[in-house]
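> kindly generate the corresponding structure for this input.
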Amino acid sequence: MLLFWSEEHVTRWRQDWRLPGGEVIPLDKCWRLAEAWYSPDRRRPEWRRRTAEEAQALLAGLGFSSPFWSLA
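This next block holds a predicted model:
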């Protein structure tokens, strides 16, 4: 994950490094994803890894539905 000032900054960076585009999201949406993804306390005995289907549902529930976010 990389943070940029603006869409123009992203475009310049991609051109400078000759890299394909990914997904550009606002920081608040990124924070919501981090909170949801890491909220289960992994130190608890009942913790278990999400299945791919559960992870995909979590992403979709947060509005991450473009092909970029496909786990399949």
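> okay, and the residue in the chain sticking out farthest from the centre sits in which element?
No residue in the chain sits farther from the centre than P45, which is 26.4 Å out by Cα atoms, centre = their mean. P45 is part of no helix or strand when elements are defined by DSSP states H and E.
> check the gap between it and T51 for me.
19 Å (Cβ to Cβ, to the nearest Å). C-beta: built from backbone N, CA, C; applies to glycine.
> equivalent analysis for G21, please.
29 Å.
> could you find the closest non-adjacent residue to Q56?
Leaving aside its sequence neighbours, Q56 sits nearest to L71 (Cβ to Cβ, 6 or more residues apart in numbering; 5.0 Å).
> okay, helices next: where are they in the chain?
7-17, 27-38, 52-61 (DSSP state H).
> quick check, pLDDT for E23.
Looking at E23, its pLDDT reads 90.
> touching, it and P67? I think so.
No - using Cβ atoms under 8 Å as the test, E23 is too far from P67 to be in contact (9.4 Å).
> before we move on, back to that, residues touching the residue nearest to Q56, list them.
Listed by Cβ atoms under 8 Å, 6 or more residues apart in numbering, the contact set of L71 reads 52, 55-56, 59.
> could you rerun that using 10 Å?
Counting by Cβ atoms under 10 Å, 6 or more residues apart in numbering, L71 touches 51-53, 55-56, 59.
> any idea how far E46 is from L58?
From E46 over to L58 the distance is 18 Å, taken as Cβ to Cβ.
> compare those two (neighbour count), which wins?
Using other Cβ atoms under 10 Å as the criterion, E46 and L58 rank with L58 on top: 14 against 6.
> where in this structure is pLDDT low?
Within the chain, no stretch has pLDDT under 70.
> and the helices of the chain: which comes nearest M1?
Evaluated with Cβ to Cβ, the helices of the chain place helix 27-38 nearest to M1, the distance being 7.2 Å.
> tell me which residues are up against that closest one.
Contacts of helix 27-38 (Cβ under 10 Å, 6+ apart): 1, 3, 25-26, 50, 55, 58-59, 61-64, 69.
> let's have those residues in JSON lines, adding distance to A36.
Compiled in JSON lines, those are given as follows (distance: Cβ to Cβ, whole Å):
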{"residue": "M1", "distance to A36": "15"}
{"residue": "L3", "distance to A36": "19"}
{"residue": "I25", "distance to A36": "14"}
{"residue": "P26", "distance to A36": "15"}
{"residue": "R50", "distance to A36": "11"}
{"residue": "A55", "distance to A36": "10"}
{"residue": "L58", "distance to A36": "6"}
{"residue": "L59", "distance to A36": "9"}
{"residue": "G61", "distance to A36": "8"}
{"residue": "L62", "distance to A36": "6"}
{"residue": "G63", "distance to A36": "11"}
{"residue": "F64", "distance to A36": "10"}
{"residue": "W69", "distance to A36": "13"}
